[in-house]
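Undergrad: Any chance you can model this:
(one chain, ligands or ions: 1)
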Amino acid sequence: MTATDREAMVRYDQLAARVYEERRIPAGTRDLVLALGWATLRDPRRHHPEQGVWTRTRDILNIDDRRMWQLLADDVPRYEHDWHAEPRGCQAPMVKVDRLCGRGVVHGFCEFDPHTGWARFWGFCNRPRCRAYATPIAQRAEHSATKRPEPIPNTGGLLPLFFTWNWEARYAKAMDVIKRCPTWEPPSHGLSADQWPSVPGTTPVKAFPKLRLVASDGRTLAPAPH
Ligand SMILES: [Zn+2]
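TA: Okay, the predicted model is just below:
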């Protein structure tokens, strides 16, 4: 075993340990990160550069090209609002009881955070008192929409955390092939989740020494300097 082989083993172990400690990685992305790591660092065929990392990773995962693009599309860095986390029912407070009204929402709208660009949903029922409570919030929300900054991404961006690659082109192609959102543009905050500005109340993603992946044109593999 050469020193390079030993170093690659240690790096693969570090990669796997980091992947398993990151609870936010969806299962498909986790499989892809580990397979890319294996293809780059441990796969015996890595010494045969005529088989690119993409092809070998696809073989290791036993999936087709479309599924590969699907996995990439799932990791496209973007902001996604969690509608399930929003409170249900009218959000106007009751006068004498310490709780919200909670009746069925008739009038709903989004307010945008001026720093993160993230949305917060407001919903109110049709009772006059609740409507009166909602009026200044609705005005504020309308104003916030005109001043909304580009949202800080909160989803995806995990593959570039581990690997240096032409991710912008890969993500764009994944969007094109999968066609989930053909208007996708790379976020100005960065493609990698560890580059995004921290948002109060959320845990930032830790950086990891990135491995360089080769494009599937048969260039030699080398770990990125760190
Ligand atoms: Zn109400």
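
Undergrad: isn't Phe112 right next to Phe121, touching?
TA: No. The criterion here is Cβ atoms under 8 Å, and Phe112 misses it with Phe121 at 10.8 Å. No exception for glycine: its C-beta is placed from N, CA and C like everyone else's.

Undergrad: just checking, next helix/strand downstream of the strand or helix carrying Ala17?
TA: Under DSSP states H and E, the secondary-structure element containing Ala17 is helix 3-21. Beyond helix 3-21 on the C-terminal side, the first helix or strand identified by DSSP H and E is helix 27-41.

Undergrad: hey, C-alpha coordinates of the next helix or strand along the chain from that following helix in CSV?
TA: Later in the chain than helix 27-41, the nearest helix or strand by DSSP H and E is helix 53-61. Provided in CSV are the C-alpha atoms of helix 53-61 (Å, rounded to 0.1, in the frame of the first residue of the first chain):
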residue,chain,number,x,y,z
VAL,A,53,-16.0,9.8,-12.1
TRP,A,54,-19.6,10.4,-13.2
THR,A,55,-19.8,7.0,-15.0
ARG,A,56,-18.2,5.1,-12.2
THR,A,57,-20.4,6.8,-9.5
ARG,A,58,-23.5,5.9,-11.6
ASP,A,59,-22.3,2.3,-11.7
ILE,A,60,-21.5,2.2,-8.0
LEU,A,61,-25.0,3.4,-7.2
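
Undergrad: Output the contacting helices and strands for helix 53-61.
TA: In this structure, helix 53-61 makes packing contacts with helix 27-41, helix 65-74, judged by 3 or more Cβ pairs under 8 Å, 6 or more residues apart in numbering; DSSP states H and E.

Undergrad: Surely Phe163 is in contact with Arg212?
TA: Yes. Taking contact to mean Cβ under 8 Å, the distance of 7.3 Å between Phe163 and Arg212 places them in contact.
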